[in-house]
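> Structure, please.
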Amino acid sequence: MFPLFDENEPGQGIAWVTLSLIGINIAVFLLLQQAGGDNQFTYGFSTIPAEITTGRDIVTSVPVTIGGVPYLIPEAPGPNPIYLTLLTSMFMHGGWLHLAGNMLFLFIFGDNVEKAFGHVRYLGFYLIAGIVASLAQVYSDPQSILPSLGASGAIAGVLAAYIVLFPTNRVRVLFGYFVTSVPAFVMIGVWALIQFVNGFASTAISAQTGGVAYMAHIGGFIAGVLMTLALKPFVQGDVGPHVVGRAF
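Sure, this is the predicted structure:
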């Protein structure tokens, strides 16, 4: 079930923070990560659980064995203090598909949440959700030296806010070969269920399954729900009971 666009509140204006976040992610990917190529910035500024738990920056390649196969994990100097990677990693991506998928989700769902929270509160919400997501991934495997990067943890928080604030908004989705509309709680609910099932199943094996940091998604989503419930009394006046509108 792949989202194409959603319903927006009429006259909500331009989602400046959402568009700026998308622009920053694209700029980091193209200019600093060299469009996903192997480079010092990507290795140094991704979140490495072992770096966070020890407070020590790993600057040389480390040999590991995964599934009986030996690998050499590249590492590079990161920021000082190394804990800043909890923030920097949420603006980095592992490839074009990783970037495109995350930015599409943020583009579709971020504007309504930004309108509900207001620009400044929404930015703080996004950053906190992303940091909590990174910490959840660290907690799932604190000694891991596998890099974790991507905006998906923060975007999971945005999806959580959307399902709390706009559960009945219609979302146009691609379902197999068909295009149809479903309520937001169905589309996002299915996405969340997949994250929880795969995330808790993967903890018995490793911190990641198939390169996807499910525990970061879970952490970001839970943080998003809790923060939205705490903030809802302050934004409820901006959230209508029914939304009919156009694509963002």
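> contacts, neighbours, all on C-alpha from now
OK.
> Report the contact partners of Ser134.
47, 86, 148, 153, 216, 219 (CA atoms under 8 Å, 6 or more residues apart in numbering).
> Any chance of TSV for those residues, columns pLDDT?
Formatted as TSV, the contacts of Ser134 follow (pLDDT from 0 to 100):
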residue	pLDDT
Thr47	95
Leu86	97
Ser148	91
Gly153	95
Ala216	92
Gly219	95
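> Identify the residues contacting the residue nearest the centre of the chain.
In the chain, the residue lying closest to the centroid (CA atoms, centre = their mean) is Ser152, at 1.7 Å. Applying CA under 8 Å, 6+ apart to Ser152 gives the contacts 90, 102, 130, 216-217.
> Show me those that map onto helices.
102, 130, 216-217 (DSSP state H).
> of all the contacts of Ser134, which two lie farthest apart?
Of all pairs drawn from the contacts of Ser134, the greatest distance, 14.9 Å, lies between Thr47 and Gly219 (CA to CA).
> Looking at these two, which is more packed in?
Thr47 (30 against 24; other CA atoms under 10 Å).
> who's in contact with the more buried one?
So Thr47 contacts 85-86, 89, 134, 147-149 (CA under 8 Å, 6+ apart).
> Top of those residues by number of neighbours, please.
Busiest of these [other CA under 10 Å] is Ser134, holding 32 neighbours.
> Any figure for the gap between it and Trp16?
25 Å (CA to CA, to the nearest Å).
> Please read off the pLDDT at the residue sitting furthest away from the middle of the chain from the model.
What lies farthest from the middle of the chain is Gly68; by CA atoms, centre = their mean that is 30.5 Å. pLDDT for Gly68: 80.
> Check Ser140 too.
Per-residue confidence (pLDDT) for Ser140: 89.
> Make sure it is actually in contact with Ala213.
No - between Ser140 and Ala213 there is no contact under CA atoms under 8 Å: 9.9 Å.
> what about the lowest-mean-pLDDT helix or strand in the chain, distance to the chain center?
For the chain, scoring each helix and strand by mean pLDDT, DSSP states H and E identifies strand 62-66 as the least confident one, at a mean of 81. Using CA atoms, centre = their mean, to the nearest Å, the mean C-alpha position of strand 62-66 is found 27 Å from that of the whole chain.
> From the contact counts, what lies against that strand?
strand 69-73 (3 or more CA pairs under 8 Å, 6 or more residues apart in numbering; DSSP states H and E).
> dump the residue contacts of His155.
Slight slip there: residue 155 is Ile, not His. Counting by CA under 8 Å, 6+ apart, Ile155 touches 102, 105-106, 126, 129-130, 220.
> Sorry, slip of the keys, the one I care about is Thr18.
Per CA under 8 Å, 6+ apart, neighbours of Thr18: 106-107, 110-111, 114.
> Enumerate the strands of this protein by residue range, in sequence order.
2-6, 62-66, 69-73, 170-175, 178-183 (DSSP state E).
> among those, which is nearest Phe29?
So among the strands of the chain, strand 69-73 is nearest, using CA to CA, at 20.4 Å.
> Outside of the closest one itself, list whatever touches it.
Strand 69-73 has contacts (CA under 8 Å, 6+ apart) with 61-65, 145-146.
> With stretch 168-185 instead?
Contact with stretch 168-185 is made by 1-7, 162-163, 166-167, 187, 242-244, as judged by CA under 8 Å, 6+ apart.
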